[in-house]
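In: Predicted structure and sequence below. I'll ask about it afterward.
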Amino acid sequence: MPNTHFPKLLSSQIAFDIAKMILDGFDKHYRLFSASSQGAKRHFETGDWKAAQTAARERIQFYDTRVRECVQALEDEYDEDDLTDDVWREVKLHYMGLLTDHLRPELAETFFNTVCTKMLHRNYFHNDFIFVRPATSTEYIEREDTPPTYRVYYPATDGLNFTIKRIVTNFQLNAEFEDLDRDVALVEARLRENFGREKIEPNHQIQVLASLFYRNKSAYIIGKGINGNREYPFVIPIMHKHKGSLVLDTVLFDTMQITVLFSFTRAYFMVDMEVPSAYVQFIRSILPKKPRSEIYTMIGLQKHGKNLFYRDFLHHLKYSSDQIAAAPGIRGLVMLVFALPSFPYVFKLIKDSFPPPKETTKALIKEKYLLVKNHDRVGRMADTLEYSDVAFPRSRFSDDLLHEIKQYAPSLLEVNDDEVVIKHLYIERRMTPLNIYLTEAEQRGDMEAMEHGVREYGNAIKDLVAANIFPGDMLYKNFGVTKHGRVVFYDYDEIEYITDCKFRKIPAPRNEEDEMSAEPWYPVAKNDVFPEQFGTFLLGNQKVKQFFLQHHADLLTADYWDGRKQRIVAGKIDDVFPYPQEIRFCHQT
């Protein structure tokens with residue numbers, strides 16, 4: 001009896017042509033992506049931070065632009081009657097054949113999925129027409145004509161000092177170091193302190209990724225030492241000092257510090273990669289607990305990261321049974337937030353309408369979330385994954401939660417016997433709301449944790465200010481505490497650019513009637529901000545007030561805010577360090 005599961009001979013020229021058009025669309029996307037990533041080296045060398053910011057922001061849009069171009073080309077070229085189910089099945093098979101020797105097959109599969117789901121109804125999302133799971137392996141796909149993913153050095157042969165200097169100079173940065181010999185000696189001392197206590201094995205080597213990782217005003221060397229069966233990750237940040245000279249700023253060894261460098265709260269790296277999966281594999285070797293989805297996202301391939309995340313989510317749904325429930329915390333006026341307790345993320349839905357005093361629209365809220373996606377998040381704003389038509393098992397929703405969604409966001413809900421479909425949502429890393437964190441710390445009598453939370457809260461606001469972001473609603477419930485103890489902002493419906501705000505001092509009352517008035521006696525424009533008033537709604541708790549005034553009293557003054565605004569207007573971009581200040585070499589001028 002013939003094998004009925006074996007595909008019939010591919011015979012559709014239309015199917016092959018469609019597959020080729022989609023792959024050509026992806027290849028064009030990656031060429032432009034690579035060119036932008038390569039440009040990051042030039043921006044860093046010249047210290048052109050404005051150009052670097054613009055390039056990073058524009059690169060995020062490349063993928064959607066190429067998808068739209070590809071969909072438009074297919075719709076222009078083919079009638080809907082030509083695109084039968086049989087044709088689409090063959091398209092996928094032809095596409096798999098075209099990926100046989102491709103260096104980026106996993107990314108090309110994701111591009112294929114995106115194009116197809118733009119053209120097909122969502123009922124097809126889980127069928128044989130798309131890549132629900134990867135069809136092409138990414139193991140050992142480097143070719144002889146591709147540059148190596150990482151370089152290998154042997155300090156036992158060449159000496160550690162010479163090896164470090166060679167690592168740095170091999171990147172061939174077209175900018176002078178202030179004192180490279182001094183910096184290399186500092187790095188060597190740190191390396192010996194951290195790695196030098198053990199016996200050196202015969203295979204002792206250092207492996208370093210062949211491309212620098214660029215972000216904001218820094219470039220990062222990513223590597224690991226290998227001594228016998230032990231591996232030691234390290235990261236060396238390179239920064240501009242002054243007058244264009246470069247310095248090695250520190251060395252990161254601590255896994256937690258390196259994890260924070262790759263945090264979901266930071267902007268995506270610019271990296272020139274021939275074989276992205278090999279870079280991901282290397283990073284996984286030094287951060288084994290970091291999901292592949294997050295690593296792909298952090299190296300700028302956020303669409304594939306989003307695809308991998310959704311696969312992980314479906315897998316988790318299959319092998320868990322807990323109920324989806326409202327997330328802990330104070331209910332918001334704009335968003336419904338629910339969570340699966342066993343899954344470390346929350347799901348956020350925009351309500352259909354908003355009660356006073358909120359004056360906004362769904363479209364405007366989406367714009368705010370897009371602003372954050374495209375902006376430098378400086379480690380203080382959570383990245384969000386935006387999805388449409390997400391299907392959950394009906395059995396995982398309580399009747400109470402479904403009732404709440406029907407009450408506040410009925411336009412986003414579709415329910416049948418087996419599924420609950422949410423038509424639009426954001427998925428975000430789950431954190432402990434800061435108001436809950438502070439309350440629990442006080443109840444435990446843990447003043448150290450309470451002070452840490454307040455200090456981190458102020459630091460978060462100051463980092464946001466440096467990135468030209470005014471949070472708008474600064475209540476503690478809109479900030480979360482990560483598992484690493486960092487405070488992160490996650491409620492974006494009222495954010496504004498600092499440069500769009502006018503920071504004012506409250507005018508002195510003209511008379512006793514002004515002084516006793518419950519309403520302002522002075523005109524207030526839409527974007528006027530009065531920092532003196534922040535204490536009224538932030539500092540009701542005396543312990544919080546004590547710690548806040550100790551560390552961040554300047555946030556209550558208009559002079560602080562206006563001074564930072566003037567720096568931004570003047571084109572000055574502050575350094576925001578993704579690692580503790582105390583581990584920096586802090587070269588003396």
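Out: Nice, I can see it.

In: For A135, see how far away D128 is.
Out: According to Cβ to Cβ, to the nearest Å, D128 stands 11 Å off from A135. Heads up, the C-betas are built off the backbone N, CA and C, glycines and all.

In: beta partners for the residue nearest to F177 when sequence neighbours are not counted?
Out: Nearest residue to F177, sequence neighbours excluded (Cβ to Cβ, 6 or more residues apart in numbering): L246, at 4.7 Å. Counting by DSSP bridges, L246 forms beta bridges with F177, H240.

In: okay, D128 and A135: which has more neighbours?
Out: A135 (15 against 12; other Cβ atoms under 10 Å).

In: pretty sure that one contacts M96?
Out: Yes. Taking Cβ atoms under 8 Å as the definition, A135 is a contact partner of M96 at 5.2 Å.

In: Pass me the low-pLDDT residue ranges in this structure, would you?
Out: 1-11, 121-127, 196-202, 587-589 (pLDDT under 70).

In: Three-state assignment for the residue nearest in space to the middle of it, please.
Out: Residue closest to the average C-alpha location in the chain (Cα atoms, centre = their mean): F264, at 4.0 Å. On the three-state scheme (DSSP: H, G, I helix; E, B strand; the rest coil), F264 is labelled coil.

In: Same question for I427.
Out: strand.

In: How many residues are close by it?
Out: 20.

In: how about it, what does it touch?
Out: Listed by Cβ atoms under 8 Å, 6 or more residues apart in numbering, the contact partners of I427 are 309, 313, 345-348, 384-387.

In: Tell me which of those fall in strands.
Out: Judged by DSSP state E, the contacts of I427 include 345-348, 384-387 as members of strands.

In: Need those in CSV (columns: neighbour count).
Out: As requested, the ones in strands among the contacts of I427 are exported to CSV (neighbours: other Cβ atoms under 10 Å):
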residue, neighbour count
Y345, 17
V346, 25
F347, 23
K348, 22
T384, 20
L385, 21
E386, 14
Y387, 17
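
In: Tell me the one of those residues nearest D473?
Out: K348 (15.1 Å; Cβ to Cβ).

In: Going by secondary structure, the closest residue to R564 other than its chain neighbours is in what exactly?
Out: Leaving aside its sequence neighbours, R564 sits nearest to V465 (Cβ to Cβ, 6+ apart; 4.9 Å). V465 is located in helix 447-466, with elements delineated by DSSP states H and E.

In: So which other helices or strands are in contact with that helix?
Out: helix 434-444, strand 479-481, strand 487-489, helix 542-552, helix 558-569 (3 or more Cβ pairs under 8 Å, 6 or more residues apart in numbering; DSSP states H and E).

In: which other residues reach the second one?
Out: With Cβ under 8 Å, 6+ apart as the contact definition, strand 479-481 has outside contacts at 382, 431-434, 437, 453, 456-457, 460, 487-490.

In: Any idea how far apart the tips of stretch 191-203 sit?
Out: One end of stretch 191-203 sits 17 Å from the other (Cα to Cα, to the nearest Å).

In: Just confirm E494 is within a strand.
Out: No. Going by three-state DSSP, the assignment for E494 is coil, not a strand.

In: Next, the contact list for the nearest residue to it once chain neighbours are set aside, please.
Out: Nearest residue to E494 in three dimensions, chain neighbours excluded: G472, at 2.8 Å (Cβ to Cβ, 6+ apart). Taking Cβ under 8 Å, 6+ apart, we find G472 in contact with 493-496.

In: For the chain, give the helix that spans the most residues.
Out: helix 13-46 (DSSP state H).

In: quick one: buried residues of it?
Out: 15-16, 18-19, 21-23, 25-26, 29-30, 32-33, 36-37, 39-41, 43-45 (16 or more other Cβ atoms under 10 Å).

In: other SSEs contacting it?
Out: Checking 3+ Cβ pairs under 8 Å, 6+ apart, helix 13-46 ends up next to helix 49-77, helix 85-98, helix 105-119, strand 213-215.

In: repeat that with 6 Å
Out: helix 49-77, helix 85-98, helix 105-119 (3 or more Cβ pairs under 6 Å, 6 or more residues apart in numbering; DSSP states H and E).

In: nearest to D574, of these?
Out: Short answer: helix 49-77, nearest of these by Cβ to Cβ, at 10.2 Å.

In: Can you check what angle separates the closest one from helix 13-46?
Out: 170 degrees (axes from the mean of the first three to the mean of the last three Cα atoms, to 10 degrees).

In: report the angle between the axes of helix 49-77 and helix 105-119?
Out: In terms of direction (the same axes, to 10 degrees), helix 49-77 departs from helix 105-119 by 60 degrees.

In: List the buried residues in helix 49-77.
Out: 49, 52-53, 55-56, 59-60, 62-63, 66-67, 70-71, 73-74.

In: cool, stretch 571-589 as well?
Out: 573-574, 576-579, 583.

In: now swap in stretch 501-511 and tell me
Out: Within stretch 501-511, the residues that count as buried by 16+ other Cβ under 10 Å are 501, 503-504.

In: Over to stretch 154-164?
Out: 155, 160-161, 163-164.

In: domain assignment for this structure?
Out: Residue ranges for the domains of the chain, per automatic domain parsing: 13-124, 150-315, 320-430, 434-556.

In: Just give me how far the third one sits from the chain centre.
Out: This means domain 320-430. Chain-centre distance of domain 320-430: 18 Å, with Cα atoms, centre = their mean, to the nearest Å.

In: again with stretch 546-556
Out: With Cα atoms, centre = their mean, you get 29 Å for stretch 546-556.

In: contact partners of it?
Out: 451, 454-455, 458, 531, 534-535, 539, 560 (Cβ atoms under 6 Å, 6 or more residues apart in numbering).

In: ditto for stretch 452-459
Out: By Cβ under 6 Å, 6+ apart, the list of residues contacting stretch 452-459 from outside reads 437-438, 487, 544, 547-548, 551-552.

In: which one of those residues sits closest to I238?
Out: Of all the contacts of stretch 452-459, I238 sits closest to V487, with 27.9 Å by Cβ to Cβ.

In: Once you drop chain neighbours, what's closest to the closest one?
Out: In space, V487 is closest to E456, 3.8 Å off (Cβ to Cβ, 6+ apart).

In: Near the one you found, how many other residues are there?
Out: By other Cβ under 10 Å, 21 other residues sit near E456.

In: What spatial separation is found between it and R486?
Out: With Cβ to Cβ as the criterion, E456 and R486 are 6 Å apart.

In: Can you give me the buried ones in stretch 467-483?
Out: For stretch 467-483, burial by neighbour count (16+ other Cβ under 10 Å) applies to 467-474, 476-482.

In: now do stretch 393-410
Out: Those would be 396-397, 401, 405, 408-409, for stretch 393-410 by 16+ other Cβ under 10 Å.

In: As CSV, the buried residues of stretch 571-589 with distance to T100 would be great.
Out: Formatted as CSV, the buried residues of stretch 571-589 follow (distance: Cβ to Cβ, whole Å):
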residue, distance to T100
I573, 45
D574, 48
V576, 44
F577, 45
P578, 39
Y579, 42
I583, 47
